[in-house]
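# I need the structure of the sequence given here:
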Amino acid sequence: MAARSTGRAAALVGAGIFLSRIAGLVRQRVLAHYLGLSDAADALSAAFRIPNLLQNLFGEGVLSASFIPVYARLLGEGKEDEADCVAGAIATLLGLAVAAVVALGVVAAGPLVTVLAPGFTGEKRVLTVALVRILFPGAGLLVLSAWCLGILNSHRRFFLSYAAPVAWNVVIIGTALVAGRGRAAETVVVWVAWGAVAGALAQLLVQLPTVLALARGLRLSFGQGHPGVRMAIHNFWPALAGRGANQISAYVDGVIASLLGTGAAAAVANAQLLYTLPVSLFGMSVSAAELPELSAVGGDDAARRAAIVRRIEAAQQRLAFFVVPCAAAFVTIGHVVAGAVFQTGRFSADDSRYVWAILAGSAVGLLAATLSRLTSSALYATGDTRTPMRYALVRVGLTTVLGFAVALGAPRLLGVEARWGAAGLTATAGFAAWVEFALLRRAVGRRLGTPRFAAGALIRLWSAALAASAAGWGVLLLLGSAGPLVTAAAVLSAFAAVYGAATLAVGVPEARALLERLRRDA
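Numbers count the residues shown, from 1 in each chain. Take a look at the predicted model:
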């Protein structure tokens, strides 16, 4: 029953993420239509990234590591009043911290842009500063939305929490469509920034009624005397440091991209949107569904360790089944994927090929990034937030050193334009992700026992994915000069069909399970 419940929970998380990511792709397509890879697009990309420091530091990742295990365990023990006390205290402390950081971010927008986008000068820098000041309050609202997600996930209300960003995207899309009619790109991005703030408020309000209905005893307080609050705060700081390490890595990428010329920052952002789709859709859905279950596993110490390892083994098999073909597609037919999403208006076929190069680099670490989320969840469930923090710092160090060396040095050695260094930037980040996963896997092995893949599982998956890639290229060559949407529909359909058939032929259990589920739903 537990496994079936978790599978259904992962499906609900995946469905919510799928809707929000599709809305995000539509949002980015609309923005690409009006902005292309212009200076205004670069400014908006950097401006979104800088306030996101607040959202990503205090948001879902940190709350998942510190708040959800404590809150979910209290609910599992039937201590609802104590759970509501913890939730109210965390909301109070989080709100105060976020208000202070928002105020600081608005005041310090200029220095932040100087440090985090040093390649931006003149009007481009002025526009970026203005956009950052607009966007910071919206990022604060998204942090509070992440607190709502923690409550909803602990009550197994997964769909709403992950579908709520649809509201944020819809407001931005509507704003861009209105603003894009006859206005300059520099004006459009200002409108979009204000739309993002309104969208953040909408995302919070969509979740709040259900949260208040679930946590009926919720009262805002500091609640520092409660042991659950103390535990959440104790776990918060290492989780914050670990998430901060992730953000440092993201901002290093932004700094380097700003030095690679016009369009590089926007292209990296576009590639990351595609790259994070499978990470979120599969890695986050499985990890988010598993975290409350792992935290609530009972029994003696040996039984608990064994149960957690079994759950991780099953979950990583499911992840690999979906993520391996995504990585293969990004490397082999990434221009088809990028063209389908972005190629419209000012965004050209050459721009799609440029995003493909960056996307192929990102694919190097795609499987490692999704498995790291799951492995970290196992450590969080045991109350260990420090080990993921340490290994995140290792990854950041590698990403920084290798990123600067390859992204800035390789184009000179190869005699190509500086902007192509963006592909090296994402490839080195992928290598660092594998190092982090290896360290996390070893840590889980020491604490719980090493989760293992079934013999030959990855070989079968990669073989099927490469066969699917060959089929996709065959269709691509037959189509010739069809439009990007028609091309993508035909190529990706062939890719999916061959991958599904190949995995069934070689006896991949996840393929059989998926087929049976589709038959039941038909």
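# Show the contacting residues for Arg419.
Arg419 makes contact with Leu260, Gly261, Gly263, Ala264, Ala267, Tyr354, Pro411 under the criterion CB atoms under 8 Å, 6 or more residues apart in numbering. For glycine as for every other residue, the C-beta is placed from the backbone atoms N, C-alpha and C.
# how about Arg346, what does it touch?
By CB under 8 Å, 6+ apart, the contact set of Arg346 is Ala32, His33, Tyr34, Leu35, Gly36, Leu37, Ser38.
# What is the subsequent helix or strand relative to the biggest helix by length in the chain?
Ranked by residue count and defined by DSSP state H, the top helix of the chain is helix 301-342. Sequence order places helix 349-363 as the next helix or strand after helix 301-342, per DSSP states H and E.
# Tell me which other helices or strands that next one touches.
Counting contacts by 3 or more CB pairs under 8 Å, 6 or more residues apart in numbering; DSSP states H and E, the secondary-structure elements packed against helix 349-363 are helix 264-278, helix 301-342, helix 421-447.
# and these as TSV, adding mean pLDDT and distance to Ala23?
Output for the helices and strands packed on helix 349-363, formatted as TSV (pLDDT from 0 to 100; distance: least, CB to CB, whole Å):
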stretch	mean pLDDT	distance to Ala23
helix 264-278	83	12
helix 301-342	86	12
helix 421-447	90	24
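# of those helices, which approaches Leu374 most closely?
Closest of the helices and strands packed on helix 349-363 to Leu374 is helix 301-342, at 5.5 Å (criterion: CB to CB).
# Would you mind getting the angle between that closest one and helix 264-278?
Taking axes from the mean of the first three to the mean of the last three CA atoms, to 10 degrees, helix 301-342 and helix 264-278 form an angle of 130 degrees between their directions.
# where does the stretch 51-200 of the chain dip in pLDDT?
For the stretch 51-200 of the chain, residues meeting the criterion pLDDT under 70 lie at 53-65.
# quick one: the helices in it?
Taking DSSP state H, counting those that start in this stretch as the criterion, the stretch 51-200 of the chain carries its helices at 52-58, 60-76, 80-107, 109-116, 122-154, 158-163, 165-179, 185-214.
# Of all those, which one is nearest Arg311?
Distances from Arg311 to each of the helices of the stretch 51-200 of the chain were compared using CB to CB; the minimum, 14.7 Å, belongs to helix 60-76.
# Please identify the most buried of the helices and strands packed on helix 349-363.
Scoring those by mean neighbour count under mean count of other CB atoms under 10 Å gives helix 264-278 as the most buried, with a mean of 25.
# circling back to that earlier point, of the helices of the stretch 51-200 of the chain, which is nearest Gly424?
Judging the helices of the stretch 51-200 of the chain by CB to CB, what sits closest to Gly424 is helix 109-116, at 20.1 Å.
# mind listing what Gly88 touches?
Ala215, Leu218, Arg219, Leu220, Ser221, Gly223 are the contacts of Gly88 under CB under 8 Å, 6+ apart.
# Give me the secondary structure label for the third one.
Three states are possible here, and by DSSP: H, G, I helix; E, B strand; the rest coil the one that applies to Arg219 is coil.
# Now it. Nearest residue, chain neighbours left out?
Counting by CB to CB, 6 or more residues apart in numbering, Arg219 lies nearest to Gly88, which is 4.7 Å off, once chain neighbours are set aside.
# what sits against Ala378?
Here Ala378 is in contact with Leu294, Ile308, Ile312, Val444, Leu448, Pro451 (criterion: CB under 8 Å, 6+ apart).
# hang on, the earlier thing: which of the contacts of Gly88 has the most neighbours?
Comparing these on neighbour count, Ala215 comes out first with 24 neighbours (neighbours: other CB atoms under 10 Å).
# so it touches Ile90, yeah?
No. Proximity of Ala215 to Ile90 does not meet the contact threshold set by CB atoms under 8 Å, at 11.1 Å.
# returning to what we had before: figure out which of the helices and strands packed on helix 349-363 is closest to Ile151.
Ranking the helices and strands packed on helix 349-363 by their distance to Ile151 (criterion: CB to CB) puts helix 301-342 first, at 23.0 Å.
# So Ala198 sits against Val171, correct?
Yes. Under the contact definition of CB under 8 Å, Ala198 touches Val171, with a separation of 5.2 Å.
# When these two are compared, which one has more neighbours?
Shown here are Ala198 and Val171; by other CB under 10 Å, Val171 has more neighbours (22 against 17).
# nearest spatial neighbour of that one, skipping sequence neighbours?
Nearest-residue entry for Val171: Gly199, 3.4 Å, with adjacent residues in sequence omitted and distances by CB to CB, 6+ apart.
# Next, count neighbours for the one you found.
The criterion is other CB under 10 Å. On that basis, Gly199 has 26 neighbouring residues.
# just the one 3 residues further on next, same as before
Look at Ala202: counted by other CB under 10 Å, it has 19 neighbours.
# Equivalent analysis for Thr114, please.
Other residues near Thr114 number 14, with proximity taken as other CB under 10 Å.
# That one: what's it in contact with?
If a contact means CB under 8 Å, 6+ apart, then Thr114 has Arg125 as its contacts.
# Over to Pro227?
Here Pro227 is in contact with no residues (criterion: CB under 8 Å, 6+ apart).
# ok, then the element right after the helix or strand containing Arg21?
Secondary structure assignment for Arg21, by DSSP H and E: helix 2-35. Following helix 2-35 in sequence order, the next helix or strand is helix 39-49 (DSSP H and E).
# Do you know the pLDDT at Gln354?
No, residue 354 isn't Gln; it's Tyr. Looking at Tyr354, its pLDDT reads 93.
# That one - nearest residue in space that isn't next to it in sequence?
In this structure, Tyr354 finds its nearest non-sequential neighbour in Ala267, 5.5 Å apart by CB to CB, 6+ apart.
# pretty sure the one you found is touching Ile358, no?
Yes. Under the contact definition of CB under 8 Å, Ala267 touches Ile358, with a separation of 5.9 Å.
# tell me, what's touching the two both at once?
By CB under 8 Å, 6+ apart, the residues touching both Ala267 and Ile358 are Ala422.
# Next one: the residue nearest to Tyr354 from Val102, what distance?
With the distance defined as CB to CB, to the nearest Å, Ala267 ends up 29 Å from Val102.
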